[in-house]
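> Below are the sequence and a predicted model for it; my questions follow.
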Amino acid sequence: MTQYAALIYTADTDPSEETGTLYDEFGNNNGASLRGGAGLHPTSTATTVRVQGGRGGDVVTTDGPFAEAREVLAGFYLIEAADLDEAVKIAAQIPGAWEGGVELRPTLDM
Amino acid sequence: MTEASSALAEIVRGEGRRVLATLIRTTGSVTLAEDAVQEAAIEALKHWTAEGLPDNPRAWLTTVARRKAVDMIRRDANRTDKEVEAMDLTGPAPDLPESVVRDDLLRLVFTCCHPSLSHASQTTLSLNTLCGLSIADCARLMLTTETAMARRLGRVKQKIAVAGIPYRIPSDAELPERLDAVASTAYLMFTAGIAGETVRPELCDEAIRLARLLGELMPDESSLQGLLALMLLTDARRMTRIDAAGDLVLLADQDRSQWDRAKIADGLELVERALKRSRHRAGRFELQAAIAAVHASATSSDDTDWADIVELYDALLLVEPTDVVRLNRGVALGERDGPAAGLAALDELEGLDRFHLWHACRAELLVRIGRTGEAAAAFDAALSCDPPAADRRHLERRIAASR
């Protein structure tokens, strides 16, 4: 089994109550494959951290997300699936995939 | 190389590609499988030259390649013996019936054409893994540098392994969306075999075999019947495309008595069935096959039904509106309505400036009209596009003849 981070990119707003219900439904239907995840507050609350000059260098923080875009990282799940096709099937059920997009990235073993 | 050892090398190459498909399934890694098969091939050449061909070369190669793969995995400190066992690589030598091999090959085609890979990645991977073309060959075909090609291939193979792209024939519901990429891959393989620097019959045969397998997998798909028909009708003329000196022979000058009648008969029957089924929404393969069918049925170049061919190109332009199709249509128009009409159609095209065949076709039409000065300039322009060697020699002969 491979673990995938399903990064949800949608419009930059707090989720509505209706959206919340849809995510609950997704969670209930796919509980067996979900290893974790969270929704995120809008990018107005984001701080981007960079360490200049590499490890131990100066910490520079900027207000806002990593890149300005119409769709932003709004949350993520950690999905466990046999292969990419299965992960795609699950990701396609995430409400964010219907209005924005979900980026699937295999996770590194740590 | 002696004749015997080059025959051995041929067997190793042919079987090696099939063994590769199996090894990719069992190891889950294109790179690892390629390295293992490569090492097994080297060993095969050494042993078979000394001791003769084994009873079952494929089983021999598979066994050795599996052992090599296990060695490589064990050498990789991050892996455990458990993983080796999980990959089903140890254990007795596999008895590989033809059905397993063809399934593995189909799996590999569908893996190369997975929708999560870009079109360029699909093509590159297919050419390299399925067709066995070298990185240098691929780079030349895709108009890029060898370094860039090597990097692209590395990235694709890594994505397959790390992202967990499965090695399997997709379920029926998923087949249609993957069909186009898969059919294109098979056709690309065929094209690489017949229109490369040298004709490589083993690639043509393999592509035809793949097209047959795909047709069996999806018997209701008229585009696949069209694809197979197109390959058979083109392949039937394979032996007459190049003369004894390795020079290009144009369709009009080919010895039609040497065309493979059995393949043509098969192809014609398939085209008819495919067109009946697709009716007014025939795709590019059915239409190209239909064009090839008109050529194959003509008893001579003069006897060719050019009006029919022009109409088929008109239909093809609706589904594949590319400049190359327009170029071919222009040539057919020149045959139907005379060289001036053909030239006018070719002159309307823009963007084919760097394509030697556009210049060459213009040159031929100019010769026929008697505008020799302009023809000579067009021939020169064709040569300056750096055409493949056989085309270059053909152009040089035409220039000498038209002076």
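Thanks, I have the structure now. Predicted model, so just to flag it, every value in this text is computed and none were measured.
> Can you report how many residues lie near residue B:160?
The local packing of residue B:160 (other C-beta atoms under 10 Å in any protein chain shown) involves 25 other residues. In short, each C-beta sits where N, CA and C put it, glycine included.
> Now look at stretch A:93-110 and say if it contacts chain B.
Yes: contact between stretch A:93-110 and chain B, assessed by C-beta under 8 Å from any C-beta of the partner chain, occurs at A:104-106.
> Tell me who's in contact with residue 12.
Reading this off chain A. When contacts are counted by C-beta atoms under 8 Å, 6 or more residues apart in numbering or on different chains, residue A:12 is found next to A:42-44, A:70-72, A:74.
> let's do chain B instead
Residue B:12 touches B:41, B:44-45, B:48, B:57, B:61, counting by C-beta under 8 Å, 6+ apart.
> which one of those residues sits closest to residue B:361?
Taking C-beta to C-beta as the measure, residue B:361 sits nearest to residue B:41 out of the contacts of residue B:12, at 42.3 Å.
> Angles on the backbone of the closest one, please.
The main-chain torsion angles of residue B:41 are listed as degrees, to the nearest 10 and equal phi -70, psi -40.
> Just the ones of the residues of stretch A:93-110 next to chain B in strands?
Secondary structure of these is defined by DSSP state E; positions in strands are A:104-106.
> Which among the residues you listed count as buried?
Among those, those scoring as buried are A:104, A:106 (criterion: 16 or more other C-beta atoms under 10 Å in any protein chain shown).
> Endpoints of stretch B:231-242, how far apart?
In stretch B:231-242, first residue to last residue: 17 Å (C-alpha to C-alpha, to the nearest Å).
> In terms of model confidence, name the weakest of the contacts of residue A:12.
Least confident of the contacts of residue A:12 in the model: residue A:44, at 79.
> before we move on, back to that, return the member of the contacts of residue A:12 nearest to residue B:207.
residue A:71 (41.6 Å).
> Give the bridge partners for that closest one, please.
Listed by DSSP bridges, the beta-bridge partners for residue A:71 are residue A:11.
> list the contacts for it?
The contact partners of residue A:71, by C-beta under 8 Å, 6+ apart, come to A:9-12, A:100-101.
> CSV for those residues, including distance to residue B:13 and pLDDT?
Supplementary listing: the contacts of residue A:71 in CSV, determined by distance: C-beta to C-beta, whole Å; pLDDT from 0 to 100:
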residue, distance to residue B:13, pLDDT
A:9, 46, 92
A:10, 51, 89
A:11, 54, 87
A:12, 55, 85
A:100, 48, 84
A:101, 43, 88
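> Closest one of the residues you listed to residue B:314?
Comparing every one of those with residue B:314 (C-beta to C-beta), the shortest separation belongs to residue A:101, at 39.7 Å.
> who's that closest one bridged to?
Taking DSSP bridges, one obtains residue A:9 as the residues bridged to residue A:101.
> So residue A:68 belongs to a strand, correct?
No: for residue A:68, which was evaluated using DSSP: H, G, I helix; E, B strand; the rest coil, the result is coil, with no strand membership.
> count of neighbours near it?
Residues contacting residue A:68 under the criterion other C-beta under 10 Å number 9.
> Can you list phi and psi of it for me?
The phi/psi pair for residue A:68 (degrees, to the nearest 10) reads phi -70, psi 130.
> ok, for the residue of chain A found nearest chain B, nearest residue in space, not its chain neighbours?
Taking C-beta to the nearest C-beta as the measure, the point where chain A comes nearest chain B is residue A:83, at 3.9 Å. Taking C-beta to C-beta, 6 or more residues apart in numbering or on different chains, and ignoring the residues beside it in sequence, residue A:83 has residue B:166 as its nearest neighbour in space, at 3.9 Å.
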